[in-house]
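S.K.: I'd like to go over a predicted model; first the sequence, then the structure.
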Amino acid sequence: MKSKMTAIAGMLVAFSMNAFAQSSADATATATIITPISISKTVDLNFGNVAVGASTGTVVLTPAGARSATGGVSLPSTGGTVSAASFDVTGEGAYTYSITLPSSVTITRNSGSETMTVNTFTSTPSTTGALTAGAQTLTVGATLNVGASQVPGTYVSGTAFTVTVNYN
């Protein structure tokens with residue numbers, strides 16, 4: 001009987017030791033849904049009136065809307081409509097976002113096949129924006145590459161260029 005009691009006592013001790021070897025804790029799961037970031041165009045990019053010569057040149061349009069010319073290009077005093085592209089960016093207040101600009105876009109003469117390349121896009125803010133109170137204006141400039149003796153006319157991109165914003 002004594003050995004039976006000893007065996008039962010040993011088993012109880014073994015079970016109680018196993019019970020103390022295990023522990024658990026609880027946690028909760030949460031998620032916060034934020035306002036999606038969005039961008040909408042308010043003004044198109046327009047280099048205005050450009051005069052060409054016998055050699056190639058460029059027109060640089062800054063995000064602030066200032067123009068300068070190089071090479072065989074000049075800017076007449078009647079500038080026409082000149083505007084940097086402008087976009088409204090909205091989203092969650094006080095968040096930052098990254099800006100991705102296109103590498104280039106081709107513009108083609110209306111009723112023609114002649115083209116020019118627009119590249120070296122720049123923006124204000126430049127690479128990262130900040131949504132103050134959930135909104136910010138993003139402006140975009142670029143460089144127009146004009147060929148020697150470029151055919152006169154209005155040149156327009158066949159497809160719009162894309163500016164992308166994404167939360168950091």
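M.R.: Cool, the structure landed. Not measured: the values here are computed from a predicted model. Residues are numbered from 1 along each chain as shown.
S.K.: need the contact list for Asn145.
M.R.: 56, 58, 116-119 (C-beta atoms under 8 Å, 6 or more residues apart in numbering). Just so you know, the C-beta spots here come from the backbone N, C-alpha and C atoms, and that holds for glycine as well.
S.K.: out of these, which are buried?
M.R.: Neighbour counting with 16 or more other C-beta atoms under 10 Å marks 56, 58, 116-118 as buried within the contacts of Asn145.
S.K.: Leu131 is in contact with Pro125, isn't it?
M.R.: No: with contact defined as C-beta atoms under 8 Å, Leu131 does not reach Pro125; the gap is 10.9 Å.
S.K.: Among those two, which residue is more densely surrounded?
M.R.: Remark: of Leu131 and Pro125, Leu131 carries more neighbours, 20 against 16, as counted by other C-beta atoms under 10 Å.
S.K.: ok, the more buried one to Thr162 distance?
M.R.: Separation of Leu131 from Thr162 (C-beta to C-beta, to the nearest Å): 20 Å.
S.K.: Identify the residues contacting the residue lying closest to Pro36 once chain neighbours are set aside.
M.R.: Residue nearest to Pro36 in three dimensions, not counting chain neighbours: Gly91, with 6.7 Å by C-beta to C-beta, 6 or more residues apart in numbering. Residues near Gly91 by C-beta under 8 Å, 6+ apart: 34-38, 97, 131, 134, 167.
S.K.: try 7 Å
M.R.: By C-beta atoms under 7 Å, 6 or more residues apart in numbering, the contact set of Gly91 is 35-38, 97, 131, 134, 167.
S.K.: Which helix or strand contains Thr56?
M.R.: Per DSSP states H and E, Thr56 falls inside strand 51-61.
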